[in-house]
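Asker: pasting the structure only:
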Ligand SMILES: Nc1nc2c(ncn2[C@@H]2O[C@H](COP(=O)(O)OP(=O)(O)OP(=O)(O)O)[C@@H](O)[C@H]2O)c(=O)[nH]1
Ligand SMILES: [Mg+2]
Ligand SMILES: [Zn+2]
């Protein structure tokens with residue numbers, strides 16, 4: 001099974017039993033998971049231990065990419081009894097005011113941030129997606145899609161590289177096949193690659209192109225599809241050469257959840273500047289000896305990038321504060 005390693009085997013060992021099997025969640029459909037096991041695919045509903053845990057923490061619900069323990073009951077029902085610890089997870093905050101995390105996918109090795117080359121990509125959007133990708137614990141790659149639609153792909157790719165010097169940037173086209181070999185090389189016959197990004201940027205088309213068959217629906221060409229999402233669920237798809245892709249539905253609202261580390265990674269340049277400010281607690285507003293203000297003044301740090309950083313940091317802090325209040329409230333309720 002794709003991605004089954006010694007660590008996963010070790011976390012399954014305590015649950016190993018005649019009526020239990022380990023499997024990987026391919027997709028979740030109204031509370032029923034499709035799980036790939038050594039014996040083949042099974043459909044499984046939530047078992048009691050999972051229901052209990054989910055009641056406390058919705059992020060513990062099985063999700064595409066999860067390794068789980070499935071149990072077959074004497075009446076042939078199959079249930080997911082446990083979700084094994086996640087090695088990596090892409091998490092975003094749910095829409096609305098509830099400070100909750102939503103797991104987009106789990107146990108991926110690579111997070112492909114999918115951004116179309118046409119229309120021209122928005123830089124702050126890329127930074128936001130990168131922060132989420134870094135935070136997952138997996139390695140981000142930037143996939144610039146629809147390369148066949150533009151003539152200046154190389155220039156745009158170079159601009160994007162400046163935003164993210166430590167991330168590989170690959171131009172791809174599902175139409176011409178450009179860049180697909182490099183993506184396959186990264187997956188290398190065993191890795192799991194998640195595709196995340198805004199609706200309509202070509203995630204499902206890229207998945208199909210990598211598979212070499214139309215396994216997932218994509219947006220109709222004539223349908224301008226404004227505000228509509230074509231993919232409605234996350235889905236793990238096996239690649240013919242080994243490895244897997246997890247296609248995800250376009251994220252319209254992309255709220256930050258816990259993302260401090262992801263933001264630090266994405267804006268390593270700003271972190272390095274801040275470390276050289278005269279005061280350790282510099283707020284980068286008016287302090288003398290502030291390296292951030294100096295870099296803004298001489299243009300080495302673009303104002304737009306700084307604002308993007310401030311915005312993401314604020315969002316993450318607000319989310320953490322809300323979560324804190326909610327936890328205290330829960331504690332009070334329990335007495
Ligand atoms: N020219 C060109 N069009 C593409 C390419 N990839 C995708 N498209 C088109 O872009 C549109 C959206 O593609 P999808 O693959 O459905 O996009 P998605 O990211 O999966 O969208 P959601 O499922 O809504 O998140 C479709 O009309 C595709 O035909 C490409 O490489 N070149
Ligand atoms: Mg799609
Ligand atoms: Zn400063």
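Answerer: Thanks, I have it. The structure presented is a predicted model; accordingly, all values stated were derived computationally and were not measured. Ligands and ions are numbered 1, 2, ... in the order given.
Asker: who's in contact with the closest residue in space to residue 86 that isn't next to it in sequence?
Answerer: Spatially, and ignoring its direct neighbours in sequence, residue 86 is nearest to residue 106 (4.5 Å; CB to CB, 6 or more residues apart in numbering). For glycine as for every other residue, the C-beta is placed from the backbone atoms N, C-alpha and C. By CB atoms under 8 Å, 6 or more residues apart in numbering, residue 106 lies in contact with 63, 64, 65, 66, 86, 87, 88, 89, 90.
Asker: could you pick out the buried ones from those?
Answerer: Burial by neighbour count, 16 or more other CB atoms under 10 Å: within the contacts of residue 106 this picks out 63, 64, 65, 66, 86, 87, 88, 89, 90.
Asker: whichever residue of the stretch 101-250 of the chain sits closest to ligand 3: neighbour count?
Answerer: When scored by CB to the ion, the stretch 101-250 of the chain has residue 127 as its residue closest to ligand 3, at 19.8 Å. Residue 127 has 22 neighbours, counted by other CB atoms under 10 Å.
Asker: grab the nearest non-local neighbour of it.
Answerer: residue 308 is the one closest to residue 127 (CB to CB, 6+ apart), at 5.0 Å.
Asker: quick one: the one you found from residue 89, how far?
Answerer: Going from residue 308 to residue 89 by CB to CB, to the nearest Å gives 24 Å.
Asker: now residue 51
Answerer: In terms of CB to CB, residue 51 sits 20 Å off from residue 89.
Asker: with residue 312 instead?
Answerer: From residue 312 over to residue 89 (counting by CB to CB), the distance is 19 Å.
Asker: what of residue 273?
Answerer: Relative to residue 89, and taking CB to CB, residue 273 is found at 30 Å.
Asker: secondary structure class for the closest residue to ligand 1 within the chain?
Answerer: Of all residues in the chain, the one sitting closest to ligand 1 is residue 250 (2.8 Å; CB to the nearest ligand atom). Classification of residue 250 by DSSP: H, G, I helix; E, B strand; the rest coil places it in coil.
Asker: same check on residue 71?
Answerer: Following three-state DSSP, we place residue 71 in the strand state.
Asker: number of residues surrounding the closest residue to it other than its chain neighbours?
Answerer: With sequence-adjacent residues excluded and distances taken as CB to CB, 6+ apart, residue 71 is closest to residue 81, at 4.8 Å. For residue 81, the count of nearby residues is 19 (other CB under 10 Å).
Asker: what pairs with the helix or strand containing residue 81, and is each one parallel or antiparallel?
Answerer: Per DSSP states H and E, residue 81 falls inside strand 78-83. Taking DSSP bridges as the criterion, strand 78-83 forms sheet pairs with strand 40-46 (parallel), strand 67-72 (antiparallel).
Asker: check those strands for me and report the most buried one.
Answerer: Ranked by mean neighbour count, these are led by strand 67-72 with a mean of 23 (mean count of other CB atoms under 10 Å).
Asker: neighbouring contacts of that strand?
Answerer: 4, 8, 11-12, 15, 17, 19-25, 33, 35, 37, 42, 44, 47, 62, 78-84, 107.
Asker: and if you look at stretch 172-192?
Answerer: Residues outside stretch 172-192 that contact it (CB under 8 Å, 6+ apart) are 2-3, 65, 107-110, 112, 141, 143-148, 168, 170-171, 193, 202, 205-206, 208-210, 236, 239, 241-246.
Asker: just the buried subset of those, written out for PyMOL, thanks.
Answerer: Remark: buried members of those, expressed as a PyMOL selection using 16+ other CB under 10 Å:
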select buried, resi 2+3+65+107+108+109+110+112+141+143+144+145+146+147+148+170+171+193+202+205+206+208+209+210+236+239+243+244+245+246
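Asker: filter the contacts of stretch 172-192 by proximity to ligand 1?
Answerer: 145, 146, 148, 202, 205 (CB under 6 Å from any ligand atom).
Asker: quick one: the last one and residue 215 touch, right?
Answerer: Going back to what we said before, that points to residue 205. No: in this structure residue 205 lies outside contact range of residue 215 using CB atoms under 8 Å: 11.2 Å.
Asker: residues in contact with the spatially most distant residue from the centre of the chain?
Answerer: Computed with CA atoms, centre = their mean, the residue of the chain farthest from its C-alpha average is residue 288, at 39.1 Å. Counting by CB under 8 Å, 6+ apart, residue 288 makes contact with residue 278.
Asker: quick one, phi psi at it?
Answerer: Dihedral angles phi and psi of residue 288 (degrees, to the nearest 10) take the values phi -70, psi 150.
Asker: if we can go back for a sec, would CSV of the ones next to ligand 1 among the contacts of stretch 172-192 with distance to residue 121 and secondary structure be doable?
Answerer: Below are these laid out as CSV (distance: CB to CB, whole Å; DSSP: H, G, I helix; E, B strand; the rest coil):
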residue, distance to residue 121, secondary structure
145, 10, strand
146, 10, coil
148, 16, helix
202, 12, coil
205, 17, helix
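Asker: can I get these in a markdown table including pLDDT and distance to ligand 3?
Answerer: A markdown table is the format used below for these (pLDDT from 0 to 100; distance: CB to the ion, whole Å):
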| residue | pLDDT | distance to ligand 3 |
| --- | --- | --- |
| 145 | 98 | 37 |
| 146 | 98 | 39 |
| 148 | 98 | 44 |
| 202 | 97 | 40 |
| 205 | 97 | 44 |
